[in-house]
Structures are given as structure tokens and as C-alpha cells.
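Enquirer: sequence first, then the predicted structure, then my questions.
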Amino acid sequence: MLTQPEYRATRCTRYRYRYSECSRCAEACPHEAVELSDEGIRISASACRNCALCAAACPTEALLADNLPRIEVLKRTAKLPEVTFACAPSELNGDEIVPCLGGLDAAMLAYLTSRGVAVTLAGTQHCAECSHGVRGEARLGLHLEAVEALRGIVGSQKWAEISVPDEGETEPGKAGHDPSRRHLFRRFVGRGADQLTRPISATEVQPVPLKAIRFAAPFSTAGRELLQILFEAAPQDHVPLPAYPALYAAKVGIQPGCTACEACARACPTGAMQIRESGTAWELGFQFSRCVGCGVCVEVCQPHVLHFQDEMENLAKAPEPVILHALGKQRCTRCDRFFISPAPGGNLSDLRRGRCGFFVHFWLKESLMLTVPMNNFQICRLVPRPQAEAQHR
């Protein structure tokens, strides 16, 4: 009996931020079994065929497929000289039977081949007949392209090859032949894969109210940790790594205009966006080694100053976050509470104190910055002066 992937809501960007437009799992599903909503997603038990493509497409690992346990598979195969992955619909034999070859993500394939494990993908000639085939083949192309990029950055001297059997030469119970990577990429890369998964750009995001951000404890993903392992012994003077959607890693940049609303840090599921405070300063930090490129920080950013950069740095674990934005704290002369000034070293003559009480705020020429409690945490927002004055009467 087929089962459906387990859904972990607190890892889902649509659950963490109800206005998120992430649809990676639905776009990867070939059976239209994933239903999207402001509360997250729901998987239709009647439509799902448990191909695990939705789980492979999710950068935050909100979906967990029991028929493709990635860590257990890696433990069984990492010490073998070679391993054959066969897709279940093809009925071919292999060391590991997987529901769809497109469910083998780039982190898994790179981890094995970087350790000298030769990987054979058996059953690719069955994609045209398989109900998973169109989406599965495109997902596999994305992952192979990402592995090739990693191979070129880290160095391929010790990396083993990924191969597929020739079309027409594979029978049930047998897999053979080892074509070149060029032949492999001609078959799989560039088959509409860019339409399945792509980074979110700031121009695609529409402004929405800052509400319904569900806060939960940050977590790390197994795929991101596997990518970091590849760079533990890598040279530090490597060329920058281009951003690939299937790598589930990204480098976030910032433009001028941050309002210090902290929404990006509240919505970030992995803790890559961090708020660091002291008695005198407020800082927005970015922990690159925790970022999986889900894009929820870019979506939730109201002034649209956050963006994904085109290139990434070393994927190894970074000891300290990069400070994207820093502001100095000031003390309110009426309530004695701290507030954040609009810019480091800002001119306090531009600030006009107002009543505090339930709100902590300061006047900034034509606007009022309000800090209000929402969902057990505080959010700052800019309110036009006439509206703010009306609220405080």
C-alpha cells in the first residue's frame, strides 16, 4: 500500500509566512497531489503516488518520504566502491530501489561521488512510459547540473562518475554501460528544469501586510550539512560558486532601505537570518551556512531590500554571521525604553518623541515607527504621521 510523504508544518515556508508564494513541491509533483494554502500544504491521499519528488524539491525538508530515507541510504552506500540506483517503476535491479531517480537530490549525489563511489542510474530509459517521468527527468537534470557545478569548484580528481545505461541495452535485472558526462548532460539537462524551481527575485514579490508570521525554533537540514562536508578540506582560494536552485544554498544581500522590522528573521525557518542585540546596538546578521535558499526572507521583506546574489562563497560552515545591517540604540526620554535609530549616527534633532505606553516609537519627520506586540513577538512598522496621531488620541 502506498503511503504519502510526512508533512512537517513548522519547516514549511508557507506555514511560517502565510503570504508566501512558494510552490516548489506542487510544481515538482507529477500527479497534482499537493494543495497549497495559507496554512501550508495538504497532500491528497487519493492522488499521491509517493514518488518523493515533492520531498526532493523542498529546500527546508518540510516533506519526508519514508520510501527514500536519504541519510539511511547514504549510510548503506557511502563505503561501497559503486552503487546502482534503480527506479521502482522500471522493475530493474539495483543496490538501492528508489521511487523515482528525480528524488536523488544534488547533495546526495555529490556526497557519494566526492567519496569515490561510482553511481549508476538505472531506469532512465523508462521515463517516457512512467507517470513520474516528465517531472522526474527534469528534477534529475537539475540535480546533475548542480553536481557538475560542485565538481568544478571543489576539484574532481577524486570524484567518481555518474553514469546511466544505454537506451535499449537494459533489461529487467541488469544495468550496464558507463557513458561520458557529456552524453549524460545531453539527455537530462535543460529540459524545462528552470520552470520547476527558480530563485525568488525581489521584483516578483508584492507588498503584503506584516502579519501571520508563525514563529518556531530554527533547524538545520541534512542536505545543507552534506554540502558543507564537501568543503571541509577544499582549498580556500576557489572561484565563486554560481547559484543553482537545486543546491538549496544561497547568499543573501541587502540594499539600502532596511527598516529593522525583523520580519525576515522571524520568518526564516533555519535561523540563517539572525537578530543580534546588545545594550547599545541592533544588528541583522546572515549565517550563510544555514541558508537553504527557500526565499521566505526575500518574500517577507516589505521595503524589498533583500535579494539573492548570483554567486556564493565557500559552502563550508561559517563560524560567525555576516552583519547585513546595523543600527544604534537610543533611550526614550519619557518612558526610558530603548528604541532603534533610523541609521547609525543619525541626527537626533530629526526625531520627535511621542507618547509611549503601549507603543514604543519615535518620530522620523513624516512617519512614526511603531513597535507593537504580534504573535508573541514585536514588529516595527512605519505609519504616516496623520494616521499615527489619530491612533494616539
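Expert: That came through, no problem. It should be emphasised that the depicted structure is a prediction, and the values quoted were computed from it without experimental measurement.
Enquirer: any stretches of the stretch 201-350 of the chain with poor pLDDT?
Expert: For the stretch 201-350 of the chain, residues meeting the criterion pLDDT under 70 lie at 201-211, 233-239, 332-336, 341-350.
Enquirer: strands along that one, start to end?
Expert: Secondary structure of the stretch 201-350 of the chain (DSSP state E, counting those that start in this stretch): strands at 241-242, 252-254, 273-277, 281-286, 306-308, 311-312, 322-331, 338-340.
Enquirer: any idea which of those strands is most buried?
Expert: Ranked by mean neighbour count under mean count of other Cβ atoms under 10 Å, the strands of the stretch 201-350 of the chain are led by strand 306-308, which reaches a mean of 22. Placement of C-beta: from N, CA and C, glycine included.
Enquirer: now for it, which elements pack on it?
Expert: strand 252-254, helix 296-300 (3 or more Cβ pairs under 8 Å, 6 or more residues apart in numbering; DSSP states H and E).
Enquirer: which stretches of this structure form helices?
Expert: 13-16, 24-28, 53-57, 70-77, 106-114, 133-154, 181-188, 222-230, 263-267, 296-300, 385-392 (DSSP state H).
Enquirer: could you say which of those is packed most deeply?
Expert: When you average the neighbours per residue for each of those (mean count of other Cβ under 10 Å), helix 53-57 leads with a mean of 29.
Enquirer: from the rest of the structure, what touches that helix?
Expert: Helix 53-57 has contacts (Cβ atoms under 8 Å, 6 or more residues apart in numbering) with 5, 24-30, 33-34, 43, 61, 63-65, 68, 100, 102-105, 132, 135-136, 139, 143, 196-197.
Enquirer: which ones are touching Ile97?
Expert: Contacts of Ile97 by Cβ under 8 Å, 6+ apart are Phe85, Ala86, Cys87, Ala88.
Enquirer: in this structure Asp95 contacts Phe85, no?
Expert: Yes: Asp95 lies in contact with Phe85 (Cβ atoms under 8 Å); the separation is 7.4 Å.
Enquirer: who has more neighbours out of these two?
Expert: Using other Cβ atoms under 10 Å, the more surrounded residue of Asp95 and Phe85 is Phe85, with 25 against 17.
Enquirer: Leu101 is in contact with the more buried one, correct?
Expert: Yes: between Phe85 and Leu101 a contact is recorded at 6.4 Å, counting by Cβ under 8 Å.
Enquirer: now list whatever residues contact both of the two.
Expert: Both Phe85 and Leu101 are in contact with Leu121, where contact means Cβ under 8 Å, 6+ apart.
Enquirer: quick one on the thing from earlier: Val147 is nearest to which of the helices and strands packed on strand 306-308?
Expert: The closest of the helices and strands packed on strand 306-308 to Val147 is strand 252-254. By Cβ to Cβ, the value is 23.6 Å.
Enquirer: same for the closest one, what does it pack against?
Expert: Contact here means 3+ Cβ pairs under 8 Å, 6+ apart; on that basis strand 252-254 packs against strand 306-308, strand 322-331.
Enquirer: reformat those strands as JSON lines; add distance to Leu230.
Expert: Formatted as JSON lines, those follow (distance: least, Cβ to Cβ, whole Å):
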{"stretch": "strand 306-308", "distance to Leu230": "21"}
{"stretch": "strand 322-331", "distance to Leu230": "21"}
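Enquirer: so for Ala243, which of the ones you listed sits nearest?
Expert: Counting by Cβ to Cβ, Ala243 lies closest to strand 306-308 out of those; the figure is 6.3 Å.
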